[in-house]
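Visitor: Sequence and predicted model, in that order:
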Amino acid sequence: MKISIFFCNTNSGTRQVIIRMAQFQQETLPIKYMGLPLITKRLSKQDCAPLIERILARANSWVSKSFSYAGRLQLIKSTLASMQVLWCSSFMLSTSVIKECERTLRRFLWGGSGNVVK
């Protein structure tokens, strides 16, 4: 079992005492926890790239022509939109990231793949 500790505004002497007593491994940010990045600053568009890539990959993996409109809508509601909701429940996403996600969902809904306009 890996146990890590992160420090903020702590001098090195105190850090060493805590690490030695607790036998933790010191780590630095950013890291991923349950698929979400843990960082100390506001998310940039670059930090949200994995979300956009994951939505695109999932939308492109399905052959949208084999689904009806209602089938594509159900896939968006149950899978693709839930990815965005998970990130939105943890972070304030920028409008450009939200618009990019919605653009991908719209393209998939109307019969194209996630990155090709029909």
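Guide: Thanks, I have the structure now.
Visitor: immediately after the lowest-mean-pLDDT helix or strand in the chain, which helix or strand?
Guide: Least confident element among the helices and strands of the chain, by mean pLDDT, DSSP states H and E: strand 31-33 (a mean of 81). Downstream of strand 31-33, the first helix or strand assigned by DSSP states H and E is strand 36-38.
Visitor: Report the spatially nearest residue to the spatially most central residue of the chain, omitting neighbours in sequence.
Guide: Centroid-nearest residue in the chain, with CA atoms, centre = their mean: residue 51, separated by 4.0 Å. Of all residues not flanking residue 51 in the chain, residue 87 sits nearest, at 5.3 Å (CB to CB, 6 or more residues apart in numbering). C-beta coordinates here come from the backbone N, C-alpha and C atoms, glycine included.
Visitor: Wait, a helix at the one you found?
Guide: Yes. Assessed with DSSP: H, G, I helix; E, B strand; the rest coil, residue 87 lies in a helix.
Visitor: Below-threshold pLDDT in the protein: ranges please.
Guide: Along the chain, segments meeting pLDDT under 70 span 1, 64-65, 112-118.
Visitor: all strands for it, in order.
Guide: Counting by DSSP state E, one finds strands in the chain at the ranges 4-5, 25-26, 31-33, 36-38.
Visitor: looking at those, which is closest to residue 46?
Guide: Nearest to residue 46 among the strands of the chain is strand 36-38; the distance by CB to CB comes to 10.3 Å.
Visitor: returning to that earlier point: which helices and strands does the least confident helix or strand of the chain pack with?
Guide: Counting contacts by 3 or more CB pairs under 8 Å, 6 or more residues apart in numbering; DSSP states H and E, strand 31-33 packs against strand 36-38.
Visitor: Would you give the sheet partners of the strand it packs on, along with the direction of each?
Guide: Using DSSP bridges, the strands paired with strand 36-38 in its sheet are strand 31-33 (antiparallel).
Visitor: Pull the longest helix along the chain out as CSV, backbone CA atoms only.
Guide: Longest among the helix segments of the chain by residue count, using DSSP state H, is helix 95-109. Presented in CSV, the C-alpha positions along helix 95-109 are these (Å, rounded to 0.1, in the frame of the first residue of the first chain):
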residue,chain,number,x,y,z
THR,A,95,-15.9,28.2,-21.0
SER,A,96,-13.7,27.1,-23.9
VAL,A,97,-13.4,23.6,-22.4
ILE,A,98,-17.2,23.3,-21.8
LYS,A,99,-17.8,24.5,-25.4
GLU,A,100,-15.4,22.0,-26.8
CYS,A,101,-17.1,19.2,-24.9
GLU,A,102,-20.5,20.3,-26.0
ARG,A,103,-19.3,20.6,-29.6
THR,A,104,-18.1,17.0,-29.5
LEU,A,105,-21.5,15.8,-28.0
ARG,A,106,-23.5,17.7,-30.7
ARG,A,107,-21.4,16.2,-33.5
PHE,A,108,-21.9,12.7,-32.2
LEU,A,109,-25.6,13.3,-31.7
